[in-house]
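Visitor: Got a predicted structure here, sequence first:
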2 protein chains.
Amino acid sequence: MQIAIPIFPAFTALDAIGPYEVLQRLPEAEVVFCSEERGPIRTEQGMLAIVADRALSEVPEPDVVVVPGGSGTRHMLSPDDPYVRWIASVHEATTWTTSVCTGSTLLAAAGVLHGTDASTHWAARGLLDQLGAVSVPDRVVERGKVMTAAGVSSGIDMALRLAERIAGARVAEAIQLGIEYDPDPPFDSGSLEKASPEVLETCGVALAAEDGRAVEVHGLGGG
Amino acid sequence: MQIAIPIFPAFTALDAIGPYEVLQRLPEAEVVFCSEERGPIRTEQGMLAIVADRALSEVPEPDVVVVPGGSGTRHMLSPDDPYVRWIASVHEATTWTTSVCTGSTLLAAAGVLHGTDASTHWAARGLLDQLGAVSVPDRVVERGKVMTAAGVSSGIDMALRLAERIAGARVAEAIQLGIEYDPDPPFDSGSLEKASPEVLETCGVALAAEDGRAVEVHGLGGG
């Protein structure tokens, strides 16, 4: 089983590495990091490079695709973008096509989410709707063979669900124990609904009065 | 503020990337991945390489150190190991010296944890004790300027606590919102106490009757 994780300039590292850490533990799984060309790809702030071991063209038929997000996605939302073209192409034969955070906007640009419920980073829900999907605030959304996750850290939850679908609950639970995923955040500020007004302000979030959606984001909160 | 993350062959990616994703969002933080020599360093199964942008010798005085774990640590538990020597050296002037998973065994080998309470991956508690620390089952343990976390995914919880200590609760909570860390695992199998007997068996865990510690680990459960 080949699991492809496409990475691109200014991707968000944890979007990719959370699912990688879960899925590489599946029996007989091969995880492949790929990009337009082979080589190191830097994350948003440039402080980290992860190596793409293959070019997209060398990964024509992955069984599972996990598309991370990041600020780089904002420049890629065109059917002609090489990553978007690759997603549209490989999606035809995948067993699972998945995304984390704003990776969902790339799935949408590739036509995978037309009229479909999907999750994304809270700051990108409006954008995802503009791209033809139906954004929902759930942490993990499964529709047919498409699974989408909310922001950044939610890829770990999604990958455990995916591991269960692929290998059964016992294996998925063993992986959860292996990565000691018994989360205990020191604060309870991980969603728009739970964060305090002061924290929203620190994140530069202004909530639209009518529906509680974030309409503006700067600073620390970017996903 | 310079935050150094030393990586080595057969490290566990999420141990490093969980804290990176939190700490790189701190205002004025510079996160540096370093290794014995510059270049790509592969994780345990070889399916992922992360680039060390600096040699250890080029990072002589980091403010914060985050040491990840992984199976590679088992061959490094000597005062003469270059990573252990580097940890012992930089610890003298750090503001915070921290570890995730079996990174704690490297701290112990460097003399940082002698007689000190510390956390580690559940499968390594006995080893950590043998190295002179006092292993405790808490997810995050803070003792003076030393902070240690349990297995793999716990580095995210630790890094949020560290972010609070460095920049205050409001910034740390804003980062939590930014990475949408509102965890919702599909199972409740993330600790030895919570996992079912079947899952423990799948992980190859045999529990010592007298104290409930894992005494044997193979297969999926390795950290």
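Guide: Good, I have the coordinates.

Visitor: near chain B at all, the top helix by length along chain A?
Guide: In chain A, taking DSSP state H as the definition, the longest helix is helix A:154-167. Yes - Helix A:154-167 is in contact with chain B by C-beta under 8 Å from any C-beta of the partner chain, via A:154, A:156, A:157, A:160, A:161, A:164. C-beta: built from backbone N, CA, C; applies to glycine.

Visitor: Can you add neighbour count and pLDDT and give those residues back as TSV?
Guide: TSV is the format used below for the residues of helix A:154-167 next to chain B (neighbours: other C-beta atoms under 10 Å in any protein chain shown; pLDDT from 0 to 100):
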residue	neighbour count	pLDDT
A:154	30	98
A:156	29	98
A:157	24	98
A:160	27	98
A:161	20	98
A:164	18	97
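
Visitor: Which stretches in chain A count as strands?
Guide: Using DSSP state E, the strands of chain A run over A:2-6, A:30-35, A:39-42, A:49-52, A:54-55, A:64-67, A:96-99, A:117-118, A:134-135, A:140-143, A:146-149, A:206-207, A:214-216.

Visitor: could the ones you listed be laid out in TSV, adding distance to residue B:2, mean neighbour count and mean pLDDT?
Guide: Formatted as TSV, the strands of chain A follow (distance: least, C-beta to C-beta, whole Å; neighbours: other C-beta atoms under 10 Å in any protein chain shown; pLDDT from 0 to 100):
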stretch	distance to residue B:2	mean neighbour count	mean pLDDT
strand A:2-6	29	24	98
strand A:30-35	27	21	98
strand A:39-42	18	18	98
strand A:49-52	18	22	98
strand A:54-55	33	15	98
strand A:64-67	32	28	98
strand A:96-99	33	26	98
strand A:117-118	39	21	98
strand A:134-135	38	20	98
strand A:140-143	36	18	98
strand A:146-149	32	28	98
strand A:206-207	34	14	58
strand A:214-216	32	15	47
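
Visitor: can the ones you listed go into a markdown table with extra columns for distance to residue B:138?
Guide: Shown next, in a markdown table, are the strands of chain A (distance: least, C-beta to C-beta, whole Å):
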| stretch | distance to residue B:138 |
| --- | --- |
| strand A:2-6 | 32 |
| strand A:30-35 | 31 |
| strand A:39-42 | 35 |
| strand A:49-52 | 31 |
| strand A:54-55 | 41 |
| strand A:64-67 | 32 |
| strand A:96-99 | 33 |
| strand A:117-118 | 37 |
| strand A:134-135 | 38 |
| strand A:140-143 | 28 |
| strand A:146-149 | 28 |
| strand A:206-207 | 36 |
| strand A:214-216 | 34 |
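
Visitor: closest one to residue B:189 among the ones you listed?
Guide: Residue B:189 sits nearest to strand A:140-143 of all the strands of chain A, at 16.7 Å, using C-beta to C-beta.

Visitor: Export the strands of chain A as a markdown table, with columns for distance to chain B.
Guide: Converted to a markdown table, these look like this (distance: least, C-beta to the nearest C-beta, whole Å):
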| stretch | distance to chain B |
| --- | --- |
| strand A:2-6 | 9 |
| strand A:30-35 | 5 |
| strand A:39-42 | 5 |
| strand A:49-52 | 4 |
| strand A:54-55 | 11 |
| strand A:64-67 | 13 |
| strand A:96-99 | 14 |
| strand A:117-118 | 15 |
| strand A:134-135 | 14 |
| strand A:140-143 | 8 |
| strand A:146-149 | 9 |
| strand A:206-207 | 12 |
| strand A:214-216 | 10 |
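
Visitor: Give me the domain ranges for chain A.
Guide: Domain segmentation of chain A under automatic domain parsing yields A:2-183, A:185-223.

Visitor: So which of those is nearest residue B:135?
Guide: Of all the domains of chain A, domain A:2-183 comes closest under C-beta to C-beta, at 13.5 Å.

Visitor: Neighbours of residue A:75, how many?
Guide: 11 (other C-beta atoms under 10 Å in any protein chain shown).

Visitor: next one: residue A:199
Guide: Residue A:199: 25 neighbours (other C-beta under 10 Å).

Visitor: how far away is it from chain B?
Guide: Separation of residue A:199 from chain B (C-beta to the nearest C-beta, to the nearest Å) stands at 5 Å.

Visitor: Isn't that residue up against residue B:177?
Guide: Yes - if you go by C-beta atoms under 8 Å, residue A:199 and residue B:177 touch, sitting 6.0 Å apart.

Visitor: Please identify every residue contacting each of the two.
Guide: residue A:189 (C-beta atoms under 8 Å, 6 or more residues apart in numbering or on different chains).

Visitor: okay, the domains of chain A, which one's buried deepest?
Guide: Of all the domains of chain A, domain A:2-183 carries the top mean neighbour count, a mean of 22, counting by mean count of other C-beta atoms under 10 Å in any protein chain shown.

Visitor: Span of that one from start to end?
Guide: 29 Å (C-alpha to C-alpha, to the nearest Å).

Visitor: and that domain, how far out from the chain's middle?
Guide: Its chain's C-alpha centre and that of domain A:2-183 lie 4 Å apart, by C-alpha atoms, centre = their mean, to the nearest Å.

Visitor: and of the strands of chain A, who's closest to residue B:29?
Guide: It is, among these and with distance given as C-beta to C-beta, strand A:39-42, at 16.4 Å.

Visitor: Strand partners (parallel or antiparallel) of the closest one?
Guide: Take DSSP bridges as the rule and strand A:39-42 pairs in its sheet with strand A:49-52 (antiparallel).

Visitor: what's the partner strand in contact with?
Guide: For strand A:49-52, using C-beta under 8 Å, 6+ apart, the contacting residues are A:7, A:13, A:16-17, A:33-35, A:37-43, B:40, B:48-51, B:53.
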